[in-house]
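K.L.:
show me how the following folds:
(chains A and B)
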Number of protein chains: 2
Amino acid sequence: MTPKSWVESANGDTDFPIQNLPCGVFDAGRGPRCGVAIGDMILDMTEAELGFEPVLFAEPAWNRVMEAGPAKWLELREKLTEVLSDEGYRDKVEPHLVPQQGVTMHLPFRVAEYTDFYAGKHHATNVGTMFRGAENALPPNWLSIPIGYNGRASSVVVSGTPVHRPWGQIKGPDDDLPRFAPSRRFDIELEMGAVVGQPSQGMVSVVQADEMIFGYVLLNDWSARDIQAWEYQPLGPFQAKATATTISPWIVTRAALEPFRADAPPRERPVLPYLRQEGPGLYDIALEVGLAPEGGDETVIARTSMRELYWSAAQQLAHHASSGCPMRVGDLLGSGTISGPTQESRGSLLELSWGGKEPVEIGGGQTRSFIEDGDTLTLRGHARGDGYRIGFGACTGKVLPAAPLPDRARE
Amino acid sequence: MTPKSWVESANGDTDFPIQNLPCGVFDAGRGPRCGVAIGDMILDMTEAELGFEPVLFAEPAWNRVMEAGPAKWLELREKLTEVLSDEGYRDKVEPHLVPQQGVTMHLPFRVAEYTDFYAGKHHATNVGTMFRGAENALPPNWLSIPIGYNGRASSVVVSGTPVHRPWGQIKGPDDDLPRFAPSRRFDIELEMGAVVGQPSQGMVSVVQADEMIFGYVLLNDWSARDIQAWEYQPLGPFQAKATATTISPWIVTRAALEPFRADAPPRERPVLPYLRQEGPGLYDIALEVGLAPEGGDETVIARTSMRELYWSAAQQLAHHASSGCPMRVGDLLGSGTISGPTQESRGSLLELSWGGKEPVEIGGGQTRSFIEDGDTLTLRGHARGDGYRIGFGACTGKVLPAAPLPDRARE
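P.N.:
The predicted structure follows:
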């Protein structure tokens, strides 16, 4: 049995059936508000009187709901399912539905801090092979630690936000000194982001960590490979990853993804007890990347799955808190680039074009090694149920030329 | 001429003469409030009616004042100087003075994001020599880039907060696999922190960056060297630096430090235009570290100066924004460990004990290679003017034993 909604568009070809009920922030001309997607509509949570404390939706961000905790998350999901499926609520609820078309989407939550992990084994192996050779591809710690680094929360933007090609220090292999120039190896990273919905102070178990996760978004961690190559030793990526990170407009809740739990790949090394996870920690979410040049049609350049990750978000979060690091409501954990084992399943242009040596065909006789100005990159993801699919909406961004250099930064 | 205050204690042996006027948040039993230190007293900014908009002090954090901008910072400093020096204001202002003794200090501002740099050349050289040998001590990019990494804002605590020794993955050179254990090489890092008081979106010049800085704090970036050694390749320090970072309770404003501007060391390589700084970018601030074992007397184990830095906070901030990374009011930029050229001027135990090979004497027949449980570490700093000194108050923390391991994390 597949539950149906009285919102007809929710029962057809949509990312947002009644099984999904993802959380976003929309502006239909009256300022940004919390909303839940259903079919091609959005339920305005500030106006729908469903019996919840108005303070939960008093600001245009889902942080208050997250703070309220897992019991409230469940209550909200049950209530929304009831009122959107039972015709008896239609007269009361329908006036608070807004068409998705034409609204402006905002970040669905205030990002407290942003951490980016490196939990895709094919990705880590590919990048390691290119940078350090096949024999040193995977760093020695990789099979023991969900490797991650702190990113920059201020740079997280919602899908649709254009991204300027960054300037930065770049030094070619034959250059004596670096230049300050626009990146020529600007790239995407296809990731999932976990949204932390509960705080912690001190160590948490993997089970506790899983319960702290409110939901997931698609995440594109824009990366300037040439800036990164020169800056990243010894303290890691910094300005190469600070221009922007784009997330999908909708947080798909953990509850909606529960039927799609999937096992992580087998372990190749004993996992320390604080990182052990019983049961499936990943989700079976099909992912793809589309690239559309200025004025041209989109080509799908990569297809992969969240199942290709090695470490789950719960394991990442348990590791993150292991030193006593306080975790906060609104923390965003990027999974790391999700590449599969085949050439077509690689989650970055760096890998797809193998460092620029094998440019990717994008139709119209064009190829890409890295992003060109005017290109629009779009991530999509969905989990497929029996007669429905759970989607995130598109996670898209157009790359604009580098901003003009201010006078003071010129030679 | 040395200006005097009618607060007598401000005219003697104090970190807080009328030339200082640093910003903190105190609780004298009626909840946390913004205050300004003067001698051994604190002026309660929520009660002193000096003609400023009450909203500036409506929350226990200096972020609102920072947001108000440099003109307001100047106006506030001028007003405070006037009312605390002119006897005519005494009757009006004195009732709003609170003794420092007995108050609880809180973080002086809401830390938006925390970035830690690596701008001490002696420190980078010492650490590089220990880890990579003398010939590869300074990374190739170090003289071109103010190297930094994003830290964890949630881990920043105010002076006086005890710090638990962290757990983490540790792998000795002869171990096949890592263990999960309390750090045995827990350390301090003597740093200055710059507090960003104005936001930016897009590139900023070094001059603009300097004007964005509201003030400075002392900063101790607690570091677990053994956790760091195993985790930091390839993406940089993560849990090794996430347990806590302690800052002084007082932000000393840029205006108060202006008379102590000092030149950075000569450049050894051309600096790219976007990082060039005209005039002195550092400050002549004497720094020291004290270590007191449980129940014992303190020994000063290091003495150095902020002048030992190679890159200024303004250069760091200009670099931070160079990729288009948005900067926010309340961002905290750690300078990196400040070591001088001599053995006694090294700003970490790692350097002072040369990786544990040359333990430091701390009196009473005791030595230290790294921190032991019960040790209290205290940073102090001051700039010396004509007949006065500008101080930050102590930046102190006691190290407690590692917290018990939760059941789920046991073998």
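
K.L.:
for A:W167, phi and psi?
P.N.:
With angles defined as degrees, to the nearest 10, A:W167 sits at phi -90, psi 160.

K.L.:
please apply the same query to the one 3 residues further on.
P.N.:
Taking degrees, to the nearest 10, you get phi -130, psi 130 for the backbone angles of A:I170.

K.L.:
which stretches in the stretch 201-350 of chain A count as helices?
P.N.:
A:206-212, A:225-231, A:254-257, A:313-320, A:349-352 (DSSP state H, counting those that start in this stretch).

K.L.:
dump the ones you listed into CSV; add mean neighbour count as well.
P.N.:
All C-beta spots, glycine's among them, are computed from the backbone N, C-alpha and C. Listed next are the helices of the stretch 201-350 of chain A as CSV, based on neighbours: other CB atoms under 10 Å in any protein chain shown:
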stretch, mean neighbour count
helix A:206-212, 21
helix A:225-231, 23
helix A:254-257, 20
helix A:313-320, 27
helix A:349-352, 26
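
K.L.:
JSON lines for these, including distance to chain B and mean pLDDT?
P.N.:
Shown next, in JSON lines, are the helices of the stretch 201-350 of chain A (distance: least, CB to the nearest CB, whole Å; pLDDT from 0 to 100):
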{"stretch": "helix A:206-212", "distance to chain B": "7", "mean pLDDT": "97"}
{"stretch": "helix A:225-231", "distance to chain B": "6", "mean pLDDT": "97"}
{"stretch": "helix A:254-257", "distance to chain B": "20", "mean pLDDT": "98"}
{"stretch": "helix A:313-320", "distance to chain B": "7", "mean pLDDT": "98"}
{"stretch": "helix A:349-352", "distance to chain B": "14", "mean pLDDT": "98"}
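
K.L.:
can I get those helices in TSV with distance to A:E294?
P.N.:
Output for these, formatted as TSV (distance: least, CB to CB, whole Å):
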stretch	distance to A:E294
helix A:206-212	42
helix A:225-231	22
helix A:254-257	35
helix A:313-320	35
helix A:349-352	17
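
K.L.:
relative to B:N126, which of those is closest?
P.N.:
helix A:225-231 (21.4 Å; CB to CB).

K.L.:
alpha carbons only: can I get that closest one in CSV?
P.N.:
What follows is helix A:225-231, C-alpha atoms only, in CSV (Å, rounded to 0.1, in the frame of the first residue of the first chain):
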residue,chain,number,x,y,z
ARG,A,225,42.2,22.4,-7.2
ASP,A,226,45.1,24.6,-8.2
ILE,A,227,44.7,26.8,-5.1
GLN,A,228,44.4,23.6,-2.9
ALA,A,229,47.6,22.0,-4.4
TRP,A,230,49.7,25.0,-3.3
GLU,A,231,48.1,25.7,0.1
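
K.L.:
for that helix, which helices and strands make contact with it?
P.N.:
With contacts taken as 3 or more CB pairs under 8 Å, 6 or more residues apart in numbering or on different chains; DSSP states H and E, helix A:225-231 sits against strand A:167-170.

K.L.:
can you pull the buried residues of the helix or strand just after the strand it packs on?
P.N.:
Under the assignment DSSP states H and E, the closest C-terminal helix or strand after strand A:167-170 is strand A:179-182. The neighbour-count check on strand A:179-182 (16 or more other CB atoms under 10 Å in any protein chain shown) flags A:F180, A:P182 as buried.
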